[in-house]
Structures are given as structure tokens and as C-alpha cells.
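S.K.: next one to model:
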Amino acid sequence: MPRPLFSQLLNLKLPLRQGYNLMLTSATGTLTSVNEVTIADSTAGTITLTLPAANLNAGRQLIVVKSVAANNVVVQRAGADTIGYGATTSLTLAAQNDKTLLISDGGSVWLRII
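M.R.: You can find the predicted model right below:
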């Protein structure tokens, strides 16, 4: 029996992705390309998360979500990178459930999508 045309076009034999790499943190640290989704608990105090170098992570998506109302979560650049095409060097998540989605342009910029 012949295979349906769309089966080959969509490559349906490949397994679908099961989920994202999730990291829970309550401490300041540096994100890596493995940390696709980071849930930050800032109950004990402000947390600063440093992004990895944009030039080593072309097309990489990173999501950071603040899980509590207390304190702030600061997401900051690495080295001379920027967040967006301006001079922004960091962003602050202040309210519970604040979130950001960042995508590297492969140069020196993390684009803030959300």
C-alpha cells in the first residue's frame, strides 16, 4: 500500500517532542542553553539570572517565569550582549507569573518576544 503524500512531506515518522527542559531555581546563577524554561522562586530575595552568550546560541529560546509575588527576578545580559536592539542590559520580572521569552539572534542580541 503506498504511503500518503503528506506523511513524507511532514516527516511523520519522527517522534514528536515530549516537553521542554525545565529548571526550578531560587538562587542567582547563569542560564545555559539547556535551561529552556526556568521557574524562578524569589521568596528569599531578589534573584539575578545571567543569559548565556547570544553568539553561541543562535535561534535558542529561553523562557523565564517568576513563580511568587515577593521580591524581583532580574534577567541580565552576558558580556556586551543586549536585550533587544537598543542598549537594554537587563529586565526585571516584578509580579507573580511575570514571564519573558527571549530568542538569540546569533550575534550579540537576545530578542524579547514576550
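
S.K.: any idea of the mean pLDDT in stretch 44-55?
M.R.: The average pLDDT within stretch 44-55 is 98.

S.K.: quick one, what contacts residue 91?
M.R.: By C-beta atoms under 8 Å, 6 or more residues apart in numbering, the residues touching residue 91 are 74-75, 83, 100, 112. (Glycine included, C-beta is placed from N, CA and C.)

S.K.: over to residue 81?
M.R.: Residues near residue 81 by C-beta under 8 Å, 6+ apart: 51, 53-55, 108-110.

S.K.: what's the distance between the nearest residue to residue 63 once chain neighbours are set aside and residue 60?
M.R.: With sequence-adjacent residues excluded and distances taken as C-beta to C-beta, 6 or more residues apart in numbering, residue 63 is closest to residue 37, at 4.6 Å. Distance from residue 37 to residue 60, counting by C-beta to C-beta, to the nearest Å: 12 Å.

S.K.: that older thread, including neighbour count and secondary structure, could the contacts of residue 91 go into JSON lines?
M.R.: Formatted as JSON lines, those follow (neighbours: other C-beta atoms under 10 Å; DSSP: H, G, I helix; E, B strand; the rest coil):
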{"residue": "74", "neighbour count": "19", "secondary structure": "strand"}
{"residue": "75", "neighbour count": "24", "secondary structure": "strand"}
{"residue": "83", "neighbour count": "21", "secondary structure": "strand"}
{"residue": "100", "neighbour count": "20", "secondary structure": "strand"}
{"residue": "112", "neighbour count": "14", "secondary structure": "strand"}
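
S.K.: which residues of the protein score low on pLDDT?
M.R.: In the prediction, the chain carries residues with pLDDT under 70 at positions 1-17.
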